[in-house]
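> can't give you the sequence, but here's the structure:
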């Protein structure tokens, strides 16, 4: 009975769309966190005046 319900959910298009959106949002969040780390590293170790001005 549970196997039938699972197979029915897997066959539904809404399940795959929702799964894609969740995976895309997680990837976007991970990418933004990575970009923030890169910017923090550049600010910490940069010798240019590009990142010295906080405004």
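Cool, the structure landed. Note that this is a predicted model, so its numbers are computed, not measured.

> For residue 24, the count of nearby residues, please.
10 (other C-beta atoms under 10 Å). Backbone N, C-alpha and C define where each C-beta goes, glycine included.

> what is the mean pLDDT for stretch 5-13?
Per-region confidence: stretch 5-13 scores 87 on mean pLDDT.

> That one: how far from the chain's middle?
Remark: stretch 5-13 is offset 26 Å from the chain centroid, using C-alpha atoms, centre = their mean, to the nearest Å.

> Repeat that for stretch 42-49.
26 Å.

> now swap in stretch 24-41 and tell me
On C-alpha atoms, centre = their mean, the centre of stretch 24-41 falls 7 Å from the chain's centre.

> Which of the helices or strands spans the closest residue to residue 15 other than its chain neighbours?
Spatial nearest neighbour of residue 15, chain neighbours left out: residue 9 (5.4 Å); criterion: C-beta to C-beta, 6 or more residues apart in numbering. According to DSSP states H and E, residue 9 maps onto helix 2-11.

> And the average pLDDT for stretch 45-55 is what?
Stretch 45-55 comes out at a mean pLDDT of 64.

> since we're on residue 41, how many residues are nearby?
10.

> That one and residue 17, how far apart?
36 Å (C-beta to C-beta, to the nearest Å).

> hang on, the earlier thing: now the element after the helix holding residue 9, going C-ward?
From helix 2-11, the next helix or strand downstream (DSSP H and E) is helix 13-45.

> Please identify the buried residues of that next one?
Buried residues in helix 13-45, counted by 16 or more other C-beta atoms under 10 Å: none are found.
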